[in-house]
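>>> here are the coordinates; sequence isn't available:
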Ligand SMILES: [Zn+2]
């Protein structure tokens with residue numbers, strides 16, 4: 001059933017509150033949009049805390065991001081939303097925020113690209129990192145262009161993340177899955193490094209998507225998600241290693257170097 005514009009406004013305010021309560025935005029960060037029809041997009045305006053919006057605060061913009069109606073001004077990041085709608089006719093809603101753990105990965109120059117968790121592999125495939133682009137300029141969306149057709153969740157270097165779906169709830173849940181994945185990945189890194197699943201298991205999970213009714217775009221691009229037996233696993237952007245990692249103390253390292261030098265007759 002098609003919702004009324006009022007209902008869509010209420011949906012955006014509800015998601016805005018969730019995004020704010022989760023701590024994925026500070027002050028007036030982030031923006032949420034819903035495609036109302038072929039010509040109109042309902043959007044959060046600039047300068048409003050997403051947790052404290054009223055339904056009437058929202059504005060309507062056209063396909064190019066120009067304001068059609070509403071009191072407040074449009075966000076400088078509206079082009080990111082219109083670009084996603086232009087490239088993906090299947091997408092009806094876009095959620096952009098700065099969830100701290102995922103944004104931490106984006107700030108460290110790391111994508112969430114390892115094949116670690118079944119739900120993430122089925123739902124998102126992986127979350128690649130788009131290069132940095134100055135907000136409010138076309139540079140913001142440029143690094144995302146090759147990724148938008150293939151993925152439903154992107155990290156934005158030194159900025160945040162964007163997720164999109166068939167409705168605003170699906171877009172929101174993708175961001176929730178992504179941030180949860182980022183938290184688990186961080187804990188795994190602290191415990192000595194995440195261990196990816198092998199390709200055979202990853203392919204089984206990707207094949208099971210139809211069974212779960214998942215219409216994810218990412219279909220197991222080479223390296224996204226990266227399996228433990230993929231050739232580039234050792235040099236993964238996600239920061240994990242394929243070879244076994246071991247640690248030595250400073251004195252053990254000196255002893256090893258001494259030994260090697262003695263064996264070569266240098267020392
Ligand atoms: Zn932003």
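Sure thing, it's come through. The shown structure was predicted, so the numbers you read here are calculated from the model rather than taken from an experiment.
>>> Could I get the full set of strands for the protein?
Using DSSP state E, the strands of the chain run over residues 31-35, 40-43, 59-62, 67-69, 93-97, 129-130, 153-156, 160-165.
>>> Just say which of the ones you listed is most tucked in.
Neighbour counts (mean count of other Cβ atoms under 10 Å) averaged over each of those peak at strand 93-97, with a mean of 29. Every residue, glycine included, has its C-beta placed from N, CA and C.
>>> Each with direction, which strands does that one pair with?
Using DSSP bridges, strand 93-97 pairs in its sheet with strand 31-35 (antiparallel), strand 160-165 (antiparallel).
>>> Give me the distance between the last one and the centre of its chain.
Relative to the chain's own centre, strand 160-165 is displaced by 6 Å; criterion: Cα atoms, centre = their mean, to the nearest Å.
>>> what does it rub up against?
Residues from elsewhere that reach strand 160-165, judged by Cβ atoms under 8 Å, 6 or more residues apart in numbering: 29-30, 80, 84, 88, 91-99, 102-103, 106, 127, 144, 152-156, 171-175, 178-179.
>>> Can you say which of the residues you listed are buried?
Buried members of the contacts of strand 160-165, scored by 16 or more other Cβ atoms under 10 Å, are 29-30, 80, 84, 88, 91-99, 102-103, 106, 127, 144, 152-156, 171-172, 174-175, 178-179.
>>> Output the strands paired with strand 93-97 as CSV; include the columns distance to residue 15 and mean pLDDT.
Output for the strands paired with strand 93-97, formatted as CSV (distance: least, Cβ to Cβ, whole Å; pLDDT from 0 to 100):
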stretch, distance to residue 15, mean pLDDT
strand 31-35, 6, 98
strand 160-165, 11, 98
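>>> Could you export these as JSON lines, including distance to residue 72?
Shown next, in JSON lines, are the strands paired with strand 93-97 (distance: least, Cβ to Cβ, whole Å):
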{"stretch": "strand 31-35", "distance to residue 72": "12"}
{"stretch": "strand 160-165", "distance to residue 72": "21"}
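>>> In contact with residue 81, which residues are there?
31, 33, 41, 43, 65, 94, 96.
>>> Can you tell me the closest non-neighbouring residue to the fourth one?
Ranked by Cβ to Cβ, 6 or more residues apart in numbering and with sequence neighbours excluded, the top spatial neighbour of residue 43 is residue 33, at 4.5 Å.
>>> For the one you found, list each beta-bridge partner.
Residues in beta-bridge contact with residue 33 (DSSP bridges): residue 43, residue 94.
>>> give the contact list for it.
12, 41, 42, 43, 44, 78, 81, 93, 94.
>>> quick one: which of those residues is nearest residue 137?
residue 78 (12.2 Å; Cβ to Cβ).
>>> how deep is that closest one tucked in, by neighbour count?
Neighbour count of residue 78, defined by other Cβ atoms under 10 Å: 24.
>>> Next, work out how far apart the closest residue to it other than its chain neighbours and residue 85 are.
Computed as Cβ to Cβ, 6+ apart, the closest residue to residue 78 that is not its neighbour in sequence is residue 65, at 4.0 Å. Remark: distance between residue 65 and residue 85 (Cβ to Cβ, to the nearest Å) = 10 Å.
>>> who touches both of these two?
Residues touching both residue 65 and residue 85 (Cβ under 8 Å, 6+ apart) are residue 41.
>>> what residues are up against the residue nearest the centre of the chain?
With distances taken as Cα atoms, centre = their mean, residue 154 lies nearest the centre of the chain, 3.4 Å away. With contact set as Cβ under 8 Å, 6+ apart, residue 154 has these partners: 127, 128, 129, 130, 144, 147, 148, 161, 162, 163.
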